[in-house]
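**Q** The sequence and its predicted three-dimensional model are supplied below.
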Amino acid sequence: MKQVELEKKLIAVARANPPSDHMPPGFSKRVMAILTARPVQDLWAAWARGLWYAAAPCVAIMIMFSAWAFFHAPQHTNQAQAPSIDLAQQLDNTLLAAVDQNNQTSDSGW
């Protein structure tokens, strides 16, 4: 049977049997009771709860890395062995390496 023929037969059967206007007693009260008994989900509360659950692991990880950095820092006995460039200078050099490279290639004519 083709889909179009099946659809026409189903529509004809549905038109021959109209729905009843009769509702069971108390139906509307049951529906309203279910709707009012359901709590409304507060999205902000769910978001805040998730952030609070994530705070403890974040603090624990921060403490672990802080302890690791403190205990595994290189121990220098004198100034001759101390690094000559501080961390801020190394960070600037790393972040600006691409800019410096672009300036060198533009100066060479490429």
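**A** The structure has been received and is ready for your questions. In this text, all values refer to a predicted model and were calculated from it rather than measured experimentally.

**Q** Output the longest helix belonging to this structure.
**A** helix 43-71 (DSSP state H).

**Q** Let's see the helix or strand following that one as PDB, backbone CA atoms only.
**A** Next along the chain after helix 43-71, taking DSSP states H and E as the criterion, comes helix 87-95. In PDB, the C-alpha atoms belonging to helix 87-95 read as follows (Å, rounded to 0.1, in the frame of the first residue of the first chain):
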ATOM      1  CA  LEU A  87      61.100  35.100  34.900                       C
ATOM      2  CA  ALA A  88      59.500  38.300  33.800                       C
ATOM      3  CA  GLN A  89      62.100  38.900  31.200                       C
ATOM      4  CA  GLN A  90      61.800  35.300  29.900                       C
ATOM      5  CA  LEU A  91      58.000  35.700  29.600                       C
ATOM      6  CA  ASP A  92      58.400  38.900  27.700                       C
ATOM      7  CA  ASN A  93      60.900  37.300  25.300                       C
ATOM      8  CA  THR A  94      58.600  34.300  24.700                       C
ATOM      9  CA  LEU A  95      55.500  36.400  24.100                       C
END
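
**Q** Pull the contacting residues for Leu6.
**A** Contacts here follow Cβ atoms under 8 Å, 6 or more residues apart in numbering; on that basis Leu6 touches nothing. For the C-beta atoms, the positions are set from N, CA and C on the backbone; glycine is no exception.

**Q** Mind telling me what element it is part of?
**A** Going by DSSP H and E, Leu6 is in helix 3-16.

**Q** mind checking how far that helix is from the chain centre?
**A** Here helix 3-16 is found 48 Å from its chain centre; the criterion is Cα atoms, centre = their mean, to the nearest Å.

**Q** do stretch 55-62 as well
**A** Chain-centre distance of stretch 55-62: 18 Å, with Cα atoms, centre = their mean.

**Q** Please work out the average pLDDT along that stretch.
**A** Averaging pLDDT along stretch 55-62 gives 95.

**Q** List the contacts of that stretch.
**A** Counting by Cβ under 8 Å, 6+ apart, no residue outside stretch 55-62 touches it.

**Q** that older thread, got the buried residues for the helix holding Leu6?
**A** Buried positions in helix 3-16, judged by neighbour count with 16 or more other Cβ atoms under 10 Å: none.
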